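Student: requesting a structural model of the entry that follows:
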Amino acid sequence: MTDLVDPAVGPCPPDPWHEERLNAFILIKNLQAGDAGALLRLRRLVRVSEDNGRSDLLRVGLFGLAVHAWMQQADHLPLTIGSLIARSEDDRDPAMLAVGLSMRSSLAPDRRDPASSNGEMDLARASVILEGAGSDPLGTIAAHTACGIAFDQRSLWELGDEQYDAAFATAACYPGAGCEHLLPAVAFNRAENQVAWAAGLRQLGDMAGAADVCRSWESVAAASNRFGLPPSWKAEIDSLGLLVRAIAGEDVSSEVTAILPRPDRPAEVPVAYLKMALALSDTNAGRAGAAAAVEDAIAVLNPALYPHLHHLALFLAAELEAKDGPDAGMRCLRYQLTQGWEDRLSKLSAMETRIEAERLILDHARLAREVTLDHLTGVGNRRALDGYLNDLRDRRVESVAVIMTDIDHFKDVNDRFGHHSGDAALARIGAVLGNSVRPTDRAVRLGGDEFMIVVPDIDLERAQARAERIMAQIDEQPWELITEGMRVTVSIGVAVGRLSDIDLVSVRADAAAYQAKAAGGHTIVCHRQDDQAA
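Tutor: Predicted structure coming up:
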């Protein structure tokens with residue numbers, strides 16, 4: 001997996017297809033907000049992207065289908081997540097890979113692929129991958145959100161909150177990139193994180209800690225007001241705000257009563273949150289009807305949907321019951337809660353250790369990869385080519401195709417636009433070639449403006465088709481964003497032969513590329529056994 005640009009720097013040059021990917025993410029947001037037609041449009045996006053070779057849109061579409069399967073808890077959910085992971089690994093997309101891994105980490109054990117690693121390993125790997133995945137702000141924000149949700153499901157709220165904070169920080173680094181369309185989901189999940197966290201602290205009797213979470217909530221509320229939330233999400237976040245204030249010890253009963261549904265007014269707010277806020281307020285104020293309010297909250301809190309709040313409501317009922325009677329049961333409950341909290345902190349420490357171990361593994365892999373990496377273009381170097389060819393020999397591959405790519409008039413590019421722009425052009429060519437190869441292929445820079453792709457077990461016609469796609473993608477690049485007036489074209493030579501004759505095949509492909517340049521450039525020449533170019 002290639003290292004990506006630091007979020008503080010941003011992508012260079014800008015992604016010409018950013019707007020299409022943004023629209024795909026907006027489609028997923030609409031799906032989550034209940035848009036009835038979003039699923040059909042999402043499925044069409046996946047089909048069209050696959051037909052047109054738009055793997056970047058395909059990965060986002062697969063993410064959307066995984067989100068829908070998650071919402072429905074469909075039987076095909078593990079398969080959908082697996083498709084997202086496999087595609088992201090093949091395309092070397094760290095952000096979407098982190099999304100898939102974090103989603104898989106949250107599957108119940110009986111729904112996970114036995115061949116996959118355990119959930120904690122998936123989640124640790126996803127977290128570390130994200131530390132170097134800053135050039136795709138939309139995917140990075142989605143991945144931080146997915147990781148945050150996975151940490152929250154384990155009651156590791158500290159780590160979840162870090163992920164939501166990183167999502168907001170990523171958005172701040174990319175003004176004008178449309179990140180605000182993804183931030184409602186960040187704010188919503190962070191709100192649920194802080195309510196669950198505060199509920200745990202309240203049961204421990206740590207009111208100072210609950211108050212700290214409440215103060216942190218204020219920044220969440222302020223952030224959520226800066227972008228448009230779907231009406232139902234806005235109502236839910238406002239209700240969560242009242243709830244977290246009540247957990248921290250405030251009396252919000254008058255505010256809750258003002259918006260609670262009545263027989264003459266439809267339920268436009270989440271009643272469970274408001275009933276719980278009212279129960280806490282009555283308990284905090286010592287009102288006579290507090291016990292009834294708590295029982296009312298218990299009645300509407302589905303344990304499957306609101307486990308932390310349901311547990312808090314049961315705790316309040318026990319606390320009120322023990323107020324005027326023996327407190328032995330309450331002492332036992334507090335002991336159990338304290339033990340549970342210590343167990344949670346042990347799991348938090350274990351996860352932090354696992355993340356650090358995964359970070360060391362990834363750092364080692366990056367160092368090993370750097371030895372075989374061309375640092376300017378991100379593709380392999382000659383050492384990488386030698387190692388790859390040895391791997392092919394070990395696998396007893398018999399035939400290979402070589403696609404040799406040279407930039408047309410590269411000296412003129414440097415002379416006219418400067419070496420900095422020339423380097424940027426080389427980096428862009430490297431990115432196109434790197435994204436054009438499968439895990440079984442290898443793209444390398446031989447030196448200067450000369451690149452080579454080796455593809456095993458492919459005939460000349462399919463190799464030529466691959467070359468045509470590469471040339472089309474290079475033609476579509478926004479070269480003028482590097483330097484005004486710049487346009488870069490390439491000449492490509494293609495040859496196929498036995499792996500044992502790789503040197504000869506490379507010479508033939510190089511000669512074909514030279515022939516293409518001699519013909520004026522911006523063309524493809526294929527070496528055929530009868531020496532007739534096509």
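
Student: residue closest to the middle of the protein?
Tutor: Centroid check for the chain by C-alpha atoms, centre = their mean gives Ala143 as the closest residue, at 2.6 Å.

Student: what is the helix or strand in which Ala318 is found packed up against?
Tutor: Here Ala318, judged by DSSP states H and E, is contained in helix 307-321. Judged by 3 or more C-beta pairs under 8 Å, 6 or more residues apart in numbering; DSSP states H and E, the packing partners of helix 307-321 are helix 183-204, helix 271-285, helix 290-300, helix 328-370. The C-beta positions use only the backbone N, C-alpha and C, and glycine is treated the same way.

Student: state the pLDDT value of Thr338.
Tutor: For Thr338, the pLDDT comes out at 92.

Student: just Trp157 next, same as before
Tutor: So, for Trp157, pLDDT stands at 95.

Student: okay, the angle between the lowest-mean-pLDDT helix or strand in the chain and helix 183-204?
Tutor: Using mean pLDDT, DSSP states H and E, helix 207-224 stands out as the lowest-scoring helix or strand of the chain, at a mean of 80. Here the directions of helix 207-224 and helix 183-204 differ by 170 degrees (axes from the mean of the first three to the mean of the last three C-alpha atoms, to 10 degrees).

Student: ok, back up a step: counting by contacts, list what the helix or strand where the residue nearest to the centre of the chain lies packs against.
Tutor: Assigned by DSSP H and E, Ala143 falls within helix 137-153. Contacts defined by 3+ C-beta pairs under 8 Å, 6+ apart place helix 137-153 against helix 18-32, helix 55-72, helix 94-105, helix 119-130, helix 157-173, helix 183-204.

Student: swap the cut-off to 6 Å and go again
Tutor: The elements that helix 137-153 packs onto, with contact taken as 3 or more C-beta pairs under 6 Å, 6 or more residues apart in numbering; DSSP states H and E, are helix 94-105, helix 119-130, helix 157-173, helix 183-204.

Student: quick one: buried residues of that helix?
Tutor: Buried residues in helix 137-153, counted by 16 or more other C-beta atoms under 10 Å: 137-152.

Student: flag the shaky bits of this structure, pLDDT-wise.
Tutor: 1-17, 114-117, 133-134, 223-228, 261-269, 324-326, 369-370, 529-534 (pLDDT under 70).

Student: who are the contact partners of Cys214?
Tutor: Taking C-beta atoms under 6 Å, 6 or more residues apart in numbering as the criterion, Cys214 is in contact with 244-245, 248.

Student: 7 Å - rerun?
Tutor: The contact partners of Cys214, taken as C-beta atoms under 7 Å, 6 or more residues apart in numbering, are 198, 244-245, 248.

Student: looking at these, which are in helices?
Tutor: In this view, these that belong to helices under DSSP state H are 198, 244-245.

Student: between those residues, which is closest to Asp343?
Tutor: Ala198 (19.1 Å; C-beta to C-beta).

Student: any idea how far Val244 is from the closest one?
Tutor: 5 Å (C-beta to C-beta, to the nearest Å).

Student: kindly report the same for Lys323.
Tutor: Relative to Val244, Lys323 is positioned 24 Å away (C-beta to C-beta).

Student: ok, now Phe63?
Tutor: 30 Å.

Student: what of Leu57?
Tutor: In terms of C-beta to C-beta, Leu57 sits 38 Å off from Val244.

Student: the two: who's more crowded?
Tutor: Counted by other C-beta atoms under 10 Å, Leu57 and Val244 do not tie: Val244 has more neighbours, with 30 against 20.

Student: want to try TSV for the helices and strands packed on helix 137-153, with distance to Leu260 and mean neighbour count as columns?
Tutor: Formatted as TSV, the helices and strands packed on helix 137-153 follow (distance: least, C-beta to C-beta, whole Å; neighbours: other C-beta atoms under 10 Å):
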stretch	distance to Leu260	mean neighbour count
helix 94-105	35	28
helix 119-130	38	23
helix 157-173	28	21
helix 183-204	18	23
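
Student: among those, which comes closest to Arg21?
Tutor: helix 94-105 (10.8 Å).

Student: which residues sit against the closest one?
Tutor: By C-beta under 7 Å, 6+ apart, helix 94-105 touches 1, 4, 59, 63, 66, 70, 81, 84-85, 88-89, 112, 116, 119, 122-123, 125-126, 129-130, 132-133, 136, 139-140, 142-143, 146-147, 150.

Student: what do you get for stretch 432-450?
Tutor: In contact with stretch 432-450 (C-beta under 7 Å, 6+ apart) are residues 2, 90, 374, 377-382, 384-385, 388, 405-407, 410, 426, 430, 451-456, 469-470, 473-474, 477.

Student: now stretch 20-28
Tutor: For stretch 20-28, contacts defined as C-beta under 7 Å, 6+ apart pick out 38, 41-42, 45, 56-57, 60-61, 63-64, 67, 138, 142, 178, 181-182.

Student: can you say which two of those are spatially most distant?
Tutor: That would be Ala38 and Asp56, which, of those, are the farthest apart (C-beta to C-beta) at 19.5 Å.

Student: which residues does Thr283 contact?
Tutor: 290, 294, 316, 320.

Student: before we move on, the earlier item: now the helices and strands packed on helix 137-153 in CSV, with distance to Arg498?
Tutor: Output for these, formatted as CSV (distance: least, C-beta to C-beta, whole Å):
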stretch, distance to Arg498
helix 94-105, 35
helix 119-130, 38
helix 157-173, 48
helix 183-204, 53
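
Student: among those, which comes closest to His522?
Tutor: Comparing those by C-beta to C-beta, helix 94-105 comes nearest, at 33.0 Å.

Student: CA atoms only for the closest one, dumped as PDB, please.
Tutor: Provided in PDB are the C-alpha atoms of helix 94-105 (Å, rounded to 0.1, in the frame of the first residue of the first chain):
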ATOM      1  CA  PRO A  94      -6.300   2.800   2.600                       C
ATOM      2  CA  ALA A  95      -9.400   4.800   3.500                       C
ATOM      3  CA  MET A  96     -11.900   2.400   2.100                       C
ATOM      4  CA  LEU A  97      -9.900  -0.500   3.400                       C
ATOM      5  CA  ALA A  98     -10.100   1.000   6.900                       C
ATOM      6  CA  VAL A  99     -13.900   1.400   6.500                       C
ATOM      7  CA  GLY A 100     -14.300  -2.300   5.500                       C
ATOM      8  CA  LEU A 101     -12.000  -3.500   8.300                       C
ATOM      9  CA  SER A 102     -13.800  -1.500  11.000                       C
ATOM     10  CA  MET A 103     -17.200  -2.700   9.800                       C
ATOM     11  CA  ARG A 104     -16.000  -6.300   9.800                       C
ATOM     12  CA  SER A 105     -14.600  -5.800  13.300                       C
END
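
Student: with that, I have no additional questions.
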